[in-house]
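J.: Make a model of this:
(one chain, ligands or ions: 2)
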Amino acid sequence: MRKIAVLSQNTIDKIAAGEVVERPASVVKELVENAIDAGATAITVEIKEGGISFIRVTDNGGGIPKEQVPLAFLRHATSKITQAEDLLQITSLGFRGEALSSISAVSQMEVITKAPEDFMGVRYVIEGGQEKVLEDVGAPNGTTMLVRNLFFNTPARKKFLKTAMTEAGYVSSYMEQLALSHHNISFKYMVNGQLRLHTSGNANLKDVIYGIYGRDITRELLPVQYEVSGLSVSGFIGKPSIARGNRNFENYYINGRYVKSKLLMKAIEEAYKPYMMQHKYPFVCLQYDIHGEDVDVNVHPTKMEVRFKNQSAIYNATYDLITDALAGKEIIPEVSLTP
Ligand code: ADP
Ligand code: MG
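T.: Ligands and ions are numbered 1, 2, ... in the order given. I've put the predicted structure just below:
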């Protein structure tokens, strides 16, 4: 006879972890978002073996107060919201209280953290969701999170990871998105001990674009700026001449959050249509500031999707700002020569 039983907390956490933690890049995303939420102005990310065996994120943010460290690793434990109503006005990147519990359920984690108000820092070790060490240590203000051997206890998951090189590639493109969306933060990114990306934290967006995409792209950019009540958009768009064959050039951020949006994709592509051959995609780097109430980020655990309250306002803003910028520059449409 089949027997119904509630799963153990450890099993629940492992299952839930699958929604948040898909690969090393998702761990990096969650840890860096926490660092940003903690007010860090400098964040260092180091990975080894594509992040599968080693991910370390160090920040100079507010740290976790000593007595709250084990709490931070409990499922649905968060300092960012206290009630459902807060979901309508989210200003932080995190709010679900799932990342640390999920990551620690499927890896070997070590944390060193110190809040300015504490005299000593804390070292906390948690492996497969089991607490191993909790002790005082001397530490600077801020937090270091070390994640070793991702999916060591969920072999089925581990099998789905790609090669270390491919996984490192995912982390690297995410780091670029971070540098672009938060150019006021200094990022340092190391792969197998080698420095791969370094931003100063006081550069303007164009400098960051230059650092990532190089001179040929940066030379072909047009600045854009759009402002109506409750919505502002700024950034750069590329001239049609630097379009490429995939969408990796389309970067947009909603309130500092890197997202994918069919609506924005469509608005961008429609605006470029008169200037572009088929299957070519433009360069854009657009930062949207939208009133918290007008955008819902609580659509999916990874928060890569958003819903806009007023879709047509966002669509039109995007379409118009691109159309105006391109029209102002007397760009000669690229005409397809094939009949
Ligand atoms: P969420 O980010 O959704 O709140 P997490 O599981 O990612 O959930 O983190 C749980 C809590 O741990 C956070 O709400 C925050 O208080 C604390 N925390 C996590 N990382 C850091 C960090 N780098 N610096 C300071 N506090 C942190
Ligand atoms: Mg978080």
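J.: hang on, T41 packs against I185?
T.: Yes. Assessed by Cβ atoms under 8 Å, T41 is found in contact with I185 at 5.9 Å. All C-beta spots, glycine's among them, are computed from the backbone N, C-alpha and C.
J.: Mind listing the shared neighbours of these two?
T.: Jointly contacting T41 and I185 under the rule Cβ atoms under 8 Å, 6 or more residues apart in numbering are G201.
J.: Looking at these two, which has the bigger crowd around it?
T.: I185 (22 against 15; other Cβ atoms under 10 Å).
J.: Got the phi and psi for the more buried one?
T.: With angles defined as degrees, to the nearest 10, I185 sits at phi -110, psi 140.
J.: Not including adjacent chain positions, what is the nearest residue to it?
T.: G201 (5.4 Å; Cβ to Cβ, 6 or more residues apart in numbering).
J.: Looks to me like that neighbour is in a helix.
T.: No. The assignment for G201 (DSSP: H, G, I helix; E, B strand; the rest coil) gives coil, which keeps it out of a helix.
J.: Can you name the residue of this structure nearest to ligand 1?
T.: G94 (2.3 Å; Cβ to the nearest ligand atom).
J.: Count the neighbours of that residue for me.
T.: 20.
J.: shouldn't it be in contact with E33?
T.: Yes. G94 is within contact range of E33, at 5.5 Å (criterion: Cβ under 8 Å).
J.: Report the contact partners of I237.
T.: So I237 contacts L221, L222, V224, P282, F283, V284, C285, L286, L321, I322, A325, L326 (Cβ under 8 Å, 6+ apart).
J.: Check it and give its pLDDT.
T.: Here, the pLDDT recorded for I237 equals 96.
J.: same deal with S261?
T.: 92.
J.: Quick check: closest non-adjacent residue to it.
T.: In space, S261 is closest to V306, 6.3 Å off (Cβ to Cβ, 6+ apart).
J.: Tell me how far M304 lies from E19.
T.: 12 Å (Cβ to Cβ, to the nearest Å).
J.: In the stretch 201-339 of the chain, what residue comes closest to ligand 2?
T.: Using Cβ to the ion, K303 is the residue of the stretch 201-339 of the chain that sits closest to ligand 2, at 9.6 Å.
J.: F119 versus the residue nearest to I185, what's the distance?
T.: From G201 to F119 the distance is 29 Å (Cβ to Cβ).
J.: of the two, who's got more company?
T.: G201 (18 against 8).
J.: Point out where the chain drops to low pLDDT.
T.: 301, 329-339 (pLDDT under 70).
J.: Contact residues of the stretch 1-150 of the chain facing ligand 2?
T.: N34, G94, A99 (Cβ under 5 Å from the ion).
J.: Which secondary structure state does the second one sit in?
T.: Taken by three-state DSSP, the conformation at G94 corresponds to coil.
J.: buried sites along stretch 291-305?
T.: V295, V297, N298, P301, K303 (16 or more other Cβ atoms under 10 Å).
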